[in-house]
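Novice: Give me a model of this one.
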Amino acid sequence: MIDLEGDANSLPSDEGVKEIHELAKRWSQTVETVEQLTEQLKLAKGAQQHLEFVELPDAMDSVGVSEFTTTNGTSIKIVPFIDARISAANREAAHAWLRENGHEGLVRHTVVFDIPKGGDNYAAALISDAKAQGYTVTDKESVHTSTLKAWAKECLSEGIELPTDLIDTHVGRIAKIKGVK
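Specialist: All right, here's what the predicted structure looks like:
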């Protein structure tokens, strides 16, 4: 924020203010470009899918061919395609149907225990018990990004050096921009 009551010599130059204005304008234009390109990509992917799943198969069916090579060497072959999904809304009923119809082997369980910070001994005991019962256990340790950032900020503010070869930290500045794009 510019201190208008401070010394006149501390005010930014007209060139400096103009540069900030131009940079903010470029930022706004860049945001708009990203939004437009994102929408264009979404539309292009939809058009590609329509060509692959509808237009090309229909056109090739209409002339009675299942394979075709263009003059530039592009090869097109119509092959069967199957996609199967179970929506969240149908998950319980679909899994029940699979079990009732002899396909219970398709239903997998991934059990996740959220063990609070400092629960290493508890986690080790759970893993040991599960392995003793013959289960394959994957133990994925993690440090939540927000927790790590807050801890690093606290350490750095207290002058504590972090092992940069182990913890990738970046200290810098960013322009937070709000308002009209």
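
Novice: Could I get the average pLDDT for the longest helix seen in the chain?
Specialist: Scanning the chain for the helix with the most residues, using DSSP state H, yields helix 14-50. For helix 14-50, the mean per-residue pLDDT is 95.

Novice: Just checking, which helix or strand succeeds that helix along the chain?
Specialist: Scanning forward in sequence from helix 14-50 by DSSP states H and E, the next helix or strand is helix 56-62.

Novice: For that next one, the averaged confidence score.
Specialist: Helix 56-62 comes out at a mean pLDDT of 92.

Novice: Now it: buried residues?
Specialist: 57, 60 (16 or more other Cβ atoms under 10 Å). From N, CA and C alone the C-beta is placed, and that goes for glycine too.

Novice: helix or strand right after that helix?
Specialist: Counting by DSSP H and E, what follows helix 56-62 is strand 67-69.

Novice: just checking, K117 is part of a strand?
Specialist: No. Under DSSP: H, G, I helix; E, B strand; the rest coil, K117 falls outside any strand and is assigned coil.

Novice: measure it to K25 for me?
Specialist: Distance check for K117 against K25: by Cβ to Cβ, to the nearest Å, it reads 45 Å.

Novice: same question, K77
Specialist: Noted for K77: a distance of 50 Å to K25, by Cβ to Cβ.

Novice: same thing with F53?
Specialist: From F53 over to K25 the distance is 42 Å, taken as Cβ to Cβ.

Novice: Then T110?
Specialist: According to Cβ to Cβ, T110 and K25 sit 49 Å apart.

Novice: low-confidence ranges in this structure?
Specialist: 1-10, 141-142, 173, 175-181 (pLDDT under 70).

Novice: Give the burial count for S66, as a bare number.
Specialist: The number of residues packed near S66 is 11, by other Cβ atoms under 10 Å.

Novice: actually A123, sorry about that
Specialist: A count of nearby residues for A123, using other Cβ under 10 Å, gives 14.

Novice: Which helix or which strand is home to it?
Specialist: Using DSSP H and E, A123 maps to helix 120-132.

Novice: Keeping just the C-alphas, turn the next helix or strand after that helix into CSV.
Specialist: Later in the chain than helix 120-132, the nearest helix or strand by DSSP H and E is helix 145-157. Output of helix 145-157 as CSV, limited to C-alpha atoms (Å, rounded to 0.1, in the frame of the first residue of the first chain):
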residue,chain,number,x,y,z
THR,A,145,1.1,-30.5,2.8
SER,A,146,-0.7,-27.9,4.9
THR,A,147,0.8,-29.3,8.1
LEU,A,148,4.3,-29.3,6.5
LYS,A,149,3.9,-25.7,5.2
ALA,A,150,2.8,-24.5,8.6
TRP,A,151,5.6,-26.3,10.4
ALA,A,152,8.2,-25.0,7.9
LYS,A,153,6.9,-21.4,8.3
GLU,A,154,7.1,-21.7,12.1
CYS,A,155,10.7,-23.1,11.9
LEU,A,156,11.9,-20.5,9.5
SER,A,157,10.3,-17.7,11.5
